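here is my input, please return the structure:
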Amino acid sequence: MVLRTAGSVLVVFLWSVTVVLGQYGWSVTYTTQSICTLKGSSVEMSCSYKYPSGHKVTSTFWFTKMKTGVEPEDIGQDPEYAGRLEYHGDKKKDCTLRITDLRERDSATYKFRFTTDQTEGRYYGDPGVTLSVTALQVKVTPSHWSQWKKLTCKTTSYPLTGNPTYTWYKNGQVVTVKTSTYSVIPNDKDSYSCAVKGHEDLHSPAVYKPKNTSVSVSPSGEIVEGSSVTLTCSSDANPPVDKYTWYFQNETFLNGFGQIYNISKFKSKDNGHYHCEAQNGRGSRNSTALMIILPGVSSHSGHTHFSHHCRPAPSPTRGPSPDPDLDPGTATTATTMSTPPIITAPTVAIAAAKPPAMNSELLLHPQTGSGKEG
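Have a look, this model is predicted:
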């Protein structure tokens, strides 16, 4: 196995052998049979071909899918590759292909095909070039010490060979260059990412605790007693949120541990303040409190009647301390209100940001045979 770096491209060549297959003067030569590289990089598949004298090449293309009796599809016509293919070959002997801005779904076996002006002049070369594209990610796990977190820079699918060195980032700034693991005592506001040394332009997405946590309610219009009410907790986090907890009047629901909480028949006893907590391996974040009240409910001795039903709750006169990451004066929960709010508008639904994996060994088996068609 050979680990080669060239410019901004990290490429791992497995079984770096020249493959020549052909018959009766027909052949396709793939310089490299298998390539493993990183998402976002570029790759060049070196290739050359031969054909009998007296033939003139009329068409050339690369393909990844072929069915018996069906002409393979030129990847140059696939919208997935739009703007990312560079064919460096010609209609004489060179069939080199370059693919830029690689994506994980580009992983496939690529084969070259050409046709000539003769009736029997159709040929493709096996086994082709197997391309495996993988991305970097940071996995967060508890360390042996309670405050510490172990960060591991790993690939999402195919493992890289050669024991590369990694560059670690904190809030976008380089903090160390070392192995694939890094232990820290993280601050809730910090984010961490990694890259293979020498290829820092291909670093992993940053990991961070949940942020922008919010609650939205459905229906957003008038809530009628006995109707169904659905609350949704949204949060931006990486790694994704793995636990949601719901609170009503500062008390947890016995079964309130999913992203969505449903009240099948909303009654007056359900009037009050709701908020959620989103948690991942980096930490947790509370939403602001949302107050839901049925119309026509008296809130205090003055019998003030409300004309609408949901709104973010104002700051409580007493209750738990607000989340330090929220703006001053924003409540995470509410228990006792000094003056009931006059609600005049429904709550605005808050959009969720969905963040974006598994390591498996790459098993590559050379294929045999070539495709000469009559």
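
can we go C-alpha only for contacts and neighbour counts from here?
Will do.

and residue 282, its phi and psi?
When quoted as degrees, to the nearest 10, the phi and psi of residue 282 stand at phi -90, psi -20.

and it, how many neighbours?
For residue 282, the neighbour count with other CA atoms under 10 Å is 24.

now the one 3 residues further on
If you count neighbours by other CA under 10 Å, residue 285 ends up with 25.

how far away is it from residue 172?
Counting by CA to CA, to the nearest Å, the gap from residue 285 to residue 172 is 22 Å.

same question, residue 295
Distance, residue 295 to residue 172, using CA to CA: 49 Å.

in terms of neighbours, single out the busier of the two.
More crowded of residue 295 and residue 172, by other CA under 10 Å: residue 295, with 18 against 13.

so that one is in which element?
Assigned by DSSP states H and E, residue 295 belongs to neither a helix nor a strand.

mind checking pLDDT for it?
For residue 295, the pLDDT comes out at 80.

with residue 264 instead?
Turning to residue 264, the model gives it a pLDDT of 90.

next, count neighbours for it.
11.

can you check residue 261 too?
Residues contacting residue 261 under the criterion other CA under 10 Å number 20.

that one bridge partners, please.
Counting by DSSP bridges, residue 261 is bridged to residue 231.

low-confidence stretches in the chain?
The chain contains residues with pLDDT under 70 at 1-23, 144-145, 254, 296-374.

can I see the domain layout of it?
Domain assignment for the chain by automatic domain parsing gives 2-133+360-373, 136-205, 211-355.

list the buried residues for stretch 129-145?
129-140 (16 or more other CA atoms under 10 Å).

count the residues that sit near residue 118.
Neighbour count for residue 118, taken as other CA under 10 Å: 13.

ok, now residue 60?
19.

can you list the buried residues in stretch 226-233?
Buried residues in stretch 226-233, counted by 16+ other CA under 10 Å: 229, 231-233.

which pair of the residues you listed spans the longest distance?
229 and 233 (13.4 Å; CA to CA).

which one of the buried residues of stretch 226-233 is nearest residue 184?
Of the buried residues of stretch 226-233, the one sitting nearest to residue 184 (CA to CA) turns out to be residue 233, at 29.1 Å.

my read: the closest one touches residue 217, true?
No - counting by CA atoms under 8 Å, residue 217 is not a contact partner of residue 233; they are 9.2 Å apart.

which secondary structure element contains the residue lying closest to residue 150 once chain neighbours are set aside?
Leaving aside its chain neighbours, residue 150 sits nearest to residue 183 (4.5 Å; criterion: CA to CA, 6 or more residues apart in numbering). When elements are assigned from DSSP H and E, residue 183 belongs to strand 181-184.

helices or strands up against that strand?
Secondary-structure packing of strand 181-184 (3 or more CA pairs under 8 Å, 6 or more residues apart in numbering; DSSP states H and E): strand 149-155.

what about the helices in the stretch 201-350 of the chain?
Counting by DSSP state H, counting those that start in this stretch, the stretch 201-350 of the chain has no helices to list.

show me where it has strands.
With strands called from DSSP state E, counting those that start in this stretch, the stretch 201-350 of the chain shows them at 208-218, 229-238, 243-248, 251-252, 260-263, 272-280, 283-286, 290-292, 310-312.

distance to residue 66 added to the ones you listed, as a markdown table?
Converted to a markdown table, the strands of the stretch 201-350 of the chain look like this (distance: least, CA to CA, whole Å):
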| stretch | distance to residue 66 |
| --- | --- |
| strand 208-218 | 43 |
| strand 229-238 | 38 |
| strand 243-248 | 44 |
| strand 251-252 | 56 |
| strand 260-263 | 44 |
| strand 272-280 | 43 |
| strand 283-286 | 48 |
| strand 290-292 | 56 |
| strand 310-312 | 57 |
